[in-house]
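*Asks:* Just the structure for this:
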Amino acid sequence: MEEKQWFEKEKFWLEFAPVMFDAAHWAEASAVAESVYKICGLKTGSSILDAGCGVGRISVELASLGLNVTGIDLIQPLLDTAKESALAEGVYIDFVKADLRSYISDKPFDAAVNLYTSFGYCDSEEEDSLILSNIASSLKSGGTFVMECLSREIEARDFIEGEWFERAGKTVLTDFSIVNDWKGLRSRWILIDNKTGSRYEHEFVQRLYSAPELKKTMLSCGFKNVELYGDFDLSLYDYKARTMIIVATV
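*Replies:* Just a heads-up that it's a prediction; the model follows:
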């Protein structure tokens, strides 16, 4: 049986989800959803795919704007949390357990999103490209895809070797390094429970694409137009960019 990649393992997400999706990240979800709504030119009743929806932060806010939302994720506990959030907010979302490397919708969407730097974790570039191709194939002609991604340029500008902080009742220690001639960022995370003292450690590598590389890849995966921005306000992707926002259409 083929060994699971790290992001397919439920134990990782059960340990890390409270740290990754803290109150601050929940608080920003509404503004992100409104930006996506505007960027994609959506209206009440438009359909949108949240590719890698996680705990449903963005899915719930998109549904609250009157959109028909489908959330896809590979990890069942995250989907269960997302369903609870949708129920608490009184919105309906079609949550589906599926692998983005194989999922293609039989009912194309008006738009799709992949947010919170959720791309670049597969073992190969071919798998990354397959995800992008599947998303393109799941969109209507003229549909828009919005992706937030960690770029090589921004990582080079902002790189730190590590830090520590406290969040969600845990002390978090991190150690970062660059691998494969700037093709990847290795992250080592150690979580220590402040009550029990129990320790959980995990290491993974995120593939780093430069903006031109990723744009070229997306154009080869079925997108007809790809634009790069430095934030959700569509500011320039330059040395002041907060993040890399990609807006692509098919």
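*Asks:* tell me the SS of the residue lying closest to G222 once chain neighbours are set aside?
*Replies:* Taking C-beta to C-beta, 6 or more residues apart in numbering as the measure, G222 lies nearest to A136, with 3.4 Å between them; neighbours along the chain are not counted. C-betas here are computed from N, CA, C, even on glycine. Following DSSP: H, G, I helix; E, B strand; the rest coil, the label given to A136 is helix.
*Asks:* Determine the number of other residues adjacent to A136.
*Replies:* By the other C-beta atoms under 10 Å criterion, the neighbourhood of A136 contains 20 residues.
*Asks:* unless I'm mixing things up, C122 is touching I131, no?
*Replies:* Yes: judged on C-beta atoms under 8 Å, C122 makes contact with I131 at a distance of 7.3 Å.
*Asks:* Confirm L14 sits in a helix?
*Replies:* Yes: counting by three-state DSSP, L14 falls inside a helix.
*Asks:* helix or strand for the closest residue to it other than its chain neighbours, which one?
*Replies:* Distances taken as C-beta to C-beta, 6+ apart put P77 closest to L14, at 5.9 Å, once the chain neighbours are dropped. Using DSSP states H and E, P77 falls within helix 76-89.
*Asks:* list the helices and strands the helix or strand just after that helix packs on?
*Replies:* Next in sequence after helix 76-89, counting helices and strands by DSSP H and E, comes strand 94-97. Taking 3 or more C-beta pairs under 8 Å, 6 or more residues apart in numbering; DSSP states H and E as the contact definition, the neighbouring helices and strands of strand 94-97 are strand 68-73, helix 76-89.
*Asks:* who's in contact with the next helix or strand after strand 94-97?
*Replies:* For strand 94-97, the following helix or strand on the C-terminal side (DSSP H and E) is strand 109-114. With C-beta atoms under 8 Å, 6 or more residues apart in numbering as the test, strand 109-114 has contacts from 36, 40, 42, 46-52, 58, 62, 70, 135, 138-140, 143-148.
*Asks:* that older thread, C122 and I131 - which one has more neighbours?
*Replies:* More crowded of C122 and I131, by other C-beta under 10 Å: I131, with 23 against 18.
*Asks:* List the residues that contact the more buried one.
*Replies:* Applying C-beta under 8 Å, 6+ apart to I131 gives the contacts A51, L100, R101, F119, C122.
*Asks:* repeat that for 6 Å
*Replies:* L100, R101 (C-beta atoms under 6 Å, 6 or more residues apart in numbering).
*Asks:* And for S187?
*Replies:* F176, F204 are the contacts of S187 under C-beta under 6 Å, 6+ apart.
*Asks:* at 10 Å what do you get?
*Replies:* Neighbouring residues of S187 by C-beta atoms under 10 Å, 6 or more residues apart in numbering: G162, T174, D175, F176, S177, H202, E203, F204, V205, Q206.
*Asks:* for C53, same thing?
*Replies:* If you count contacts by C-beta under 10 Å, 6+ apart, C53 has them with 59-60, 62, 69-73, 78-79, 82, 93, 95-96, 113-115, 118.
*Asks:* D233 now?
*Replies:* Under the criterion of C-beta under 10 Å, 6+ apart, the neighbours of D233 are S35, K38, I39, R242, I245.
*Asks:* Name the nearest residue to the residue most central in space within the chain, sequence neighbours excluded.
*Replies:* In the chain, the residue lying closest to the centroid (C-alpha atoms, centre = their mean) is S118, at 2.9 Å. Leaving out its chain neighbours, the residue that sits closest to S118 by C-beta to C-beta, 6+ apart is G52, at 4.3 Å.
*Asks:* quick check: domain ranges of the protein?
*Replies:* Domain segmentation of the chain under automatic domain parsing yields 6-150+210-249, 154-205.
*Asks:* if we can go back for a sec, out of the helices and strands packed on strand 94-97, name the one with the poorest average pLDDT.
*Replies:* Taking each of the helices and strands packed on strand 94-97 in turn, the lowest mean pLDDT turns up on helix 76-89, with a mean of 93.
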